[in-house]
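Model the structure of this input:
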Amino acid sequence: MSVCAPANVMNGRQGRMVSSGSEVGRYVYWSDRAIQRVAEENGIELAGRRTWTVGVSVPGLQSSFGQQTRVTRNRLEEARRVKRHIGTAAVEDLDTEPPASYITGVGKVEFAEFAAWHAQGGVVMHVQLRSANGRRVDLCLFGSKDNLRGFGPSDGFDNGWTSSAAPAIEELLRSRGTQNTSQWDDEQARSVEALKIALDQGFSSISGEHVGRPETRGFTIGHAGDCEFFAEIYTDVVLDPTRWRLEGESAGAERIMVGRPMWIRTQSPDAVVRYAELRNGSGWSRHRWLRPLRFLSRRRRAVIGPPAAVPTALDTPESSTAGAARRRRFTQARD
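Sure thing, here's the model as predicted:
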């Protein structure tokens with residue numbers, strides 16, 4: 001996806017990303033499956049301790065008790081419990097040497113459909129950050145479109161280049177970075193391919209057409225600024241500058257992290273920008289529901305009348321002759 005200006009909040013000299021801790025916002029991505037897996041593997045209680053209520057009936061001196069159920073799910077508290085338990089294992093200082101197991105921070109996140117080969121409904125998210133020492137860090141996260149909120153099924157469009165390295169990225173995600181049987185047989189090569197998917201998927205053959213304009217590329221969905229994110233990292237590499245000469249929006253990449261997001265939360269409710277509205281106008285989301293109705297109103301009405309006499313295959317001499325020949329062959333075969 002397109003190179004974006006760093007939107008993370010840095011605390012000056014140490015290059016540590018600091019979350020604002022805003023209580024007003026919304027989760028544009030939330031993966032129950034990823035969060036539950038990490039919680040089970042690390043002994044994290046997401047819902048807290050169970051509470052009980054006890055009641056006493058005075059006339060009969062009968063007591064009763066039962067489990068109190070939570071009415072509203074508190075995702076914000078679940079996220080805090082995970083971050084508190086993972087602690088310093090979640091990298092915030094981007095100058096920390098790789099590999100990182102988890103990363104948390106704030107930045108502009110761009111979303112696009114992932115044109116995978118085997119799995120359907122994938123989505124790729126890209127964040128570009130800078131460390132305190134100025135090193136560029138590209139975060140490429142792959143997940144499920146089912147976990148994405150704030151976008152519709154028709155926000156993206158299938159058009160442009162897709163990567164032949166998609167199966168290699170699928171294997172990376174499926175094995176959580178433990179297997180690599182692809183032709184991109186080292187982590188730098190596979191990470192570069194992940195970055196190309198995030199930044200170049202859907203581009204056309206016109207050079208420079210999409211620079212700084214991700215909404216013009218196929219598969220792109222939108223972006224959200226100043227998002228808090230928490231992700232599990234499967235590969236984390238610093239590129240060898242003598243080996244790589246990347247072009248386009250990948251040029252200048254230095255450190256690439258590839259993984260899966262657990263959650264992405266906006267700092268404000270209206271932070272999401274849908275590229276479909278940039279392509280089609282601000283009234284697109286409202287008018288698109290009327291298009292099927294307009295289509296139905298334009299349909300030609302059927303004219304009721306006597307059916308036209310259309311000769312069928314059975315009415316032609318050729319078909320009768322062919323049918324007789326087939327019957328003779330069938331009779332001979334049966335005999």
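
C-alpha from now on. contacts and neighbour counts both.
Will do.

quick check: longest strand of this structure.
strand 220-238 (DSSP state E).

Report the beta-bridge partner residues of Asp93.
For Asp93, the beta-bridge partners are Arg16 (DSSP bridges).

now the helices for this protein?
In the chain, the helices defined using DSSP state H lie at 32-42, 75-86, 166-174, 187-200, 275-280, 284-287, 291-298, 317-334.

pLDDT (mean, whole number) over stretch 80-99?
For stretch 80-99, mean pLDDT rounds to 93.

which residues sit against it?
For stretch 80-99, contacts defined as CA atoms under 8 Å, 6 or more residues apart in numbering pick out 14-18, 39, 44-46, 100-105, 130-133, 135, 137, 235-238.

filter these to the buried ones?
15-18, 39, 44, 46, 100-105, 130-132, 135, 137, 235-238 (16 or more other CA atoms under 10 Å).

what about this protein, any weak spots by pLDDT?
For the chain, applying pLDDT under 70 flags the ranges 1-23, 48-71, 153-154, 156, 205-213, 281-335.

Please repeat the previous calculation with a cut-off of 90.
1-26, 46-73, 115-121, 149-162, 185, 200-223, 225-226, 247-249, 267-335 (pLDDT under 90).

got the CA coordinates for the longest strand of the chain in CSV?
C-alpha atoms of strand 220-238 as CSV (Å, rounded to 0.1, in the frame of the first residue of the first chain):
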residue,chain,number,x,y,z
THR,A,220,-7.3,-1.2,-1.9
ILE,A,221,-10.1,-0.5,0.6
GLY,A,222,-9.2,2.5,2.7
HIS,A,223,-7.1,3.8,5.6
ALA,A,224,-7.5,5.0,9.1
GLY,A,225,-5.2,7.5,10.8
ASP,A,226,-3.7,7.5,14.3
CYS,A,227,-4.6,3.9,15.0
GLU,A,228,-3.5,1.9,18.0
PHE,A,229,-2.4,-1.5,16.9
PHE,A,230,-1.2,-4.7,18.5
ALA,A,231,0.2,-7.5,16.4
GLU,A,232,2.0,-10.8,16.6
ILE,A,233,5.1,-10.8,14.4
TYR,A,234,6.3,-13.9,12.5
THR,A,235,9.3,-12.5,10.6
ASP,A,236,11.4,-9.4,11.5
VAL,A,237,14.3,-8.6,9.3
VAL,A,238,16.7,-5.7,8.5
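
Any buried residues in it, and which?
For strand 220-238, by 16+ other CA under 10 Å, it's 220-238.

what about the strands in the stretch 51-200 of the chain?
52-57, 62-67, 90-91, 102-114, 122-130, 136-144 (DSSP state E, counting those that start in this stretch).

Just name the most buried of the ones you listed.
Neighbour counts (mean count of other CA atoms under 10 Å) averaged over each of the strands of the stretch 51-200 of the chain peak at strand 102-114, with a mean of 26.

which ones are touching Asp185?
Applying CA under 8 Å, 6+ apart, no residues qualify as near Asp185.

now it: how far from Ala165?
Counting by CA to CA, to the nearest Å, the gap from Asp185 to Ala165 is 11 Å.

So what's the residue count around Gly218?
21 (other CA atoms under 10 Å).

Not counting its neighbours along the chain, what's nearest it?
Closest residue in space to Gly218, ignoring its immediate chain neighbours: Gly202 at 4.0 Å, by CA to CA, 6 or more residues apart in numbering.

Please check which residues sit opposite Gly107 as beta-bridge partners.
Cys227.

What distance do you get for it to Ala276?
Counting by CA to CA, the gap from Gly107 to Ala276 is 22 Å.

Please tell me I have it right and Glu110 contacts Val127.
Yes - proximity of Glu110 to Val127 meets the contact threshold set by CA atoms under 8 Å, at 6.7 Å.
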